[in-house]
Structure formats: C-alpha cells, structure tokens
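Participant: what would the 3D arrangement of this be:
(one chain, ligands or ions: 1)
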Amino acid sequence: IMERIYLDNNATTIVDPAVRDTMEPFYCHMYGNPNSLHLFGIEVRPYLHQAMEQLYSGIGASDADDIIINSCATEGNNTVILGFYFNLLKDTRKKHIITTQLEHPCVRESCRFLERHGVKVTYLAPDRDGLITAKMVKDAITDQTALVSVMWANNETGIILPIEEISKVCKEQGVYLHSDAVQAIGKVKVDLQKVRVDFLTFSAHKFHGPKGVGGLYIRDGLNLPPLLHGGEQMGGHRAGTVNVAGTVAMGKAIELANASLDFENREVRRLRDKLEDALLKNADVLVVGKRELRTPNTLYVSIRGVEGESMIWDLNQNGIAASTGSACASESLEASPILTAIGADRELAHTGVRFSLSRFTTEKEIDITIEVANKAIERLRQLSTSY
Ligand SMILES: Cc1ncc(COP(=O)(O)O)c(CNc2co[nH]c2=O)c1O
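Facilitator: You can find the predicted model right below:
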C-alpha cells in the first residue's frame, strides 16, 4: 500500500492524539449542557473553565478581555467585520475599512458584503516581497477609517505580517485593529500582552485540534454585536450550546502548540528548508517570500513551465498531499492573487504549489517528497509547450 504523506497542514491538521483523548469523556460520560443547572450540566463547567484558562494563556489575553468560543475562524471573521457594520459604521461617519489583498476569502467576502451596504473598503496590495507594511496601513488611514483587518500570517505563502508595528499605527491613529491569526498560532508566538490588537480570530483545526471549533478574542471593554442571537452563552456574545468537547480540545491543542513552538521553529523549519533547498536546485523555480519572514512550516513555490494543478495531481498520484495557491474556477484557472501581486508574469502566476508541514512531518516523508517532486518537474516540463 502506497505510503501517504500529508503536506497540506495550512488547510487542516491531524488532531493530536493527546487532544483527541481529552474529548472522549464528553460524549458518553459527561455529556450535560453546561448551561443546565442540574448535576449533568454543572459537572462539565470546571473543564470548560480550564480550557478557557489555556486559551487566555495561549494568546496572552488579560482576564478582563473576552474569548468567545465559536465554530471556526470564518465565523469569527464574519462576526468582527459584520459586527463593525452594525456597531460603528452604520451610525457614524466612519465608513471606511482597510484590509489587504492577502486575506482569506472569509475576510475579503465579508468586506465585499459591507461594500454593497455603503462601506468603503481599501484592499492593500502586497509589495514585491509579498508584504503589507505598517507604512502602507498608515498611508491608507483617513479620518473616516473605523477598522483595520490584517492577517498575522498568510495561508498561501506563510509570510508573517508586521502586526506589532501595524498595531502601533492603529493605536496612534485611533483605529481598531482585527487580526486573523489562523496561520500564526502554533507557528509563531502570539502574545497580546506584547502586541495590542482589538480583535483576533483562530481555528482549532489549524493547530492539531478538531474541526468545528474556533475562538474570537475581543479586547477589554470593546462591544461587538453577536452574529448569532438567542442564547446567553458566552455572555450573549454567541448564542448556541457550547461545543464542550471541542472547547476542551482547543484548550489542550493551544497548550501543546505553544509548547511545541521551539520544535516547530527548529525541526519543522529544518525539514521545510531541506525541501525548499532541494526544489531550488531546479532551474526557474521561485519561492515566494523571504525565508526568515515566513512561518516555519510553509513553502509556496512557483515552478516555471509546470501548472500548479498538474504538480498537485502528480504528487497526489504518489500519495503526497499539497495544494495550489491558484483558485480553480471552472476550466480557466485563476492566477494566484499573491503571485500576481508580487509581479509574477501571467504564466508564472499559474504555477503556485504550497507545501505546509507540521510537527508530525518526518525526514523520510520529506526525502520521498523531494524525489517525487523532482521527477514530476522533469516529466511535466517535458510535456510543457511553453518551457
Ligand atoms: C488565514 C485564514 N483565515 C481563515 C481561514 C478559515 O478557517 P476555517 O473557518 O476554520 O475554515 C483559513 C483557512 N485556510 C485554508 C483552508 O484551506 N486551505 C487554506 O489555506 C485561513 O488560512
């Protein structure tokens, strides 16, 4: 049987077995609704409390801040951006939001929805290094700007954005800052005692927790209307029965993720660099983003003469899971926005392939991937009409 190799961890990750074990008791043993006043409900509360403590500590949140448990970062990002519309933008003359062209579609599409309701949105374009700088943000702020939304790290390239500098600009200018930290937690230190953001979103399944549970951080004293109404859960910030098993799991997952940061930035980075160096030995191969400015597990490579989808297919035929940056829409492949933004020509912009490792990736898996990828590059270039 072909050995399967998973290198698409920016899409989702395996649940750490130690995290899975924490979920077990809440299915058939302690299954009460934590909002119930009877013993079945009361007995699960200490476990939720412990999970919340792990989450607060995991991102450096202060006790006075809020962390809302929700279903995922898509929900959290929608809650912030739509919530801003109802809370602030709708009633004041501040009708401007600044975000970037790098954001995940759940941020971009939430902003586009607001544009259809009279909000002006600036989508900052990355520079040739794939970066959004604090100066770009400062130059875009006007007296009508209410919110800046910039991701902590990009899911395609792993490029880490200067959130600390951007937060200082937002504080000086009196503008709220939201950061989508989905691709940062478990890869770089996210410490809100050091970096002041007003809203932060994350998803457990990106750091070896289960799918279907995420978190929304709201800094002390800030008010955001709920996206989901009709329950007193999370202090009214998010109606709906709490996902007890998922929340307990997410607490354990963030604790393990932070405990593994050194391993991630030493060993996982070493394996990522080994793959990257091997691919760069091929002619006309471009890696997006300076290595030291990327999350340790991610490699976004453009291979001239090789369509991203073709490369993914060849890898998949050999049991290796990776992904492309170019969104695929019907027959015509859209060029990768990030490759286009950094000035890649049209042909190059269709050649993006993303490899994203994890703490479970082994040296043998990388060695096999190097061998398979090099053979695929040779085979596909021989078939190419343009290379
Ligand atoms: C930066 C970022 N924000 C939000 C999301 C949405 O998270 P969810 O709500 O838990 O789904 C993702 C998922 N990113 C990817 C999902 O598949 N490939 C990806 O790169 C992401 O990378």
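
Participant: residues contacting E267?
Facilitator: By C-beta atoms under 8 Å, 6 or more residues apart in numbering, E267 lies in contact with R359. (C-beta placed from N, C-alpha, C; glycine too.)

Participant: that one belongs to a helix, doesn't it?
Facilitator: Yes - counting by DSSP: H, G, I helix; E, B strand; the rest coil, E267 falls inside a helix.

Participant: next, the buried residues of stretch 185-192.
Facilitator: Neighbour-count burial for stretch 185-192, counted by 16 or more other C-beta atoms under 10 Å, picks out 185-188, 190, 192.

Participant: can you name the residue of the stretch 201-350 of the chain nearest to the ligand?
Facilitator: Residue nearest to the ligand within the stretch 201-350 of the chain: S203 (3.3 Å; C-beta to the nearest ligand atom).

Participant: so that residue bridges to which residues?
Facilitator: S203 has these beta-bridge partners by DSSP bridges: G214.

Participant: ok, the buried residues of stretch 185-192 vs the ligand, which is closest?
Facilitator: For those, the closest approach to the ligand (C-beta to the nearest ligand atom) belongs to I185, at 10.6 Å.

Participant: among the buried residues of stretch 185-192, which ones are in helices?
Facilitator: In helices, judged by DSSP state H, none of the buried residues of stretch 185-192 are found.

Participant: residue boundaries of the strands in the stretch 151-300 of the chain?
Facilitator: Along the stretch 151-300 of the chain, counting by DSSP state E, counting those that start in this stretch, strands occupy 176-180, 199-203, 214-218, 285-287, 298-303.

Participant: packed most tightly, which of the ones you listed would that be?
Facilitator: Among the strands of the stretch 151-300 of the chain, strand 199-203 has the highest mean neighbour count (mean count of other C-beta atoms under 10 Å), at a mean of 29.

Participant: quick check: residues of this structure near the ligand?
Facilitator: 10-11, 72-74, 104, 106, 151, 155, 180, 182-183, 203, 205, 214 (C-beta under 6 Å from any ligand atom).

Participant: distance of V19 relative to G251?
Facilitator: Computed as C-beta to C-beta, to the nearest Å, the V19 to G251 distance reads 9 Å.

Participant: and the two? Which one has more around it.
Facilitator: It is G251, of V19 and G251, that has more neighbours when counted by other C-beta atoms under 10 Å, with 28 against 24.

Participant: pLDDT at G325, what is it?
Facilitator: With respect to pLDDT, G325 scores 63.

Participant: and what of R266?
Facilitator: We have a pLDDT of 98 for R266.

Participant: check what pLDDT D91 gets.
Facilitator: pLDDT for D91: 80.

Participant: assign it to helix, strand or coil.
Facilitator: Assigned by three-state DSSP, the conformation of D91 is coil.

Participant: contact partners for it?
Facilitator: Listed by C-beta under 8 Å, 6+ apart, D91 has no contact partners.

Participant: roughly how far apart are Q144 and the ligand?
Facilitator: For Q144, the distance to the ligand equals 26 Å [C-beta to the nearest ligand atom, to the nearest Å].

Participant: pull the number of nearby residues for the residue nearest to that residue when sequence neighbours are not counted.
Facilitator: Spatial nearest neighbour of Q144, excluding adjacent residues (C-beta to C-beta, 6 or more residues apart in numbering): H96 at 4.3 Å. If you count neighbours by other C-beta under 10 Å, H96 ends up with 20.

Participant: and what of E378?
Facilitator: Residues lying near E378 (other C-beta under 10 Å) number 11.

Participant: how close does it sit to T145?
Facilitator: Distance from E378 to T145, counting by C-beta to C-beta: 51 Å.

Participant: pretty sure E115 sits against E109.
Facilitator: No - using C-beta atoms under 8 Å, E115 is not in contact with E109; the gap is 10.3 Å.

Participant: between these two, which has more neighbouring residues?
Facilitator: For E115 versus E109, neighbours defined as other C-beta under 10 Å are more numerous around E109 (15 against 11).

Participant: and the more buried one, backbone torsions?
Facilitator: Torsion angles at E109 (phi, psi; degrees, to the nearest 10) stand at phi -70, psi -30.

Participant: what do you get for N70?
Facilitator: phi -140, psi -160.

Participant: pLDDT score for it?
Facilitator: Predicted confidence (pLDDT) for N70: 98.

Participant: that one contacts N78, correct?
Facilitator: No - N70 is not in contact with N78 according to C-beta under 8 Å; the separation is 9.5 Å.

Participant: who has more neighbours out of the two?
Facilitator: Higher neighbour count among N70 and N78: N70, with 25 against 20, using other C-beta under 10 Å.

Participant: so in terms of bridging, what pairs with the more buried one?
Facilitator: G214.

Participant: kindly report the same for T122.
Facilitator: The partner residues for T122, given DSSP bridges, come to I98.

Participant: that one and the ligand, how far apart?
Facilitator: From T122 across to the ligand, the span is 19 Å (C-beta to the nearest ligand atom).

Participant: residues contacting that residue?
Facilitator: Residues in contact with T122 (C-beta under 8 Å, 6+ apart) are 96-99, 140.

Participant: of the residues you listed, closest to D284?
Facilitator: Nearest to D284 among these is T99, at 33.0 Å by C-beta to C-beta.

Participant: okay but the closest one is in contact with A140, surely?
Facilitator: No - in this structure, T99 is not within contact of A140 by C-beta under 8 Å, at 9.8 Å.

Participant: in JSON lines, list the strands of the stretch 151-300 of the chain along with distance to E255 and mean pLDDT.
Facilitator: JSON lines is the format used below for these (distance: least, C-beta to C-beta, whole Å; pLDDT from 0 to 100):
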{"stretch": "strand 176-180", "distance to E255": "21", "mean pLDDT": "98"}
{"stretch": "strand 199-203", "distance to E255": "14", "mean pLDDT": "98"}
{"stretch": "strand 214-218", "distance to E255": "13", "mean pLDDT": "98"}
{"stretch": "strand 285-287", "distance to E255": "32", "mean pLDDT": "92"}
{"stretch": "strand 298-303", "distance to E255": "23", "mean pLDDT": "94"}
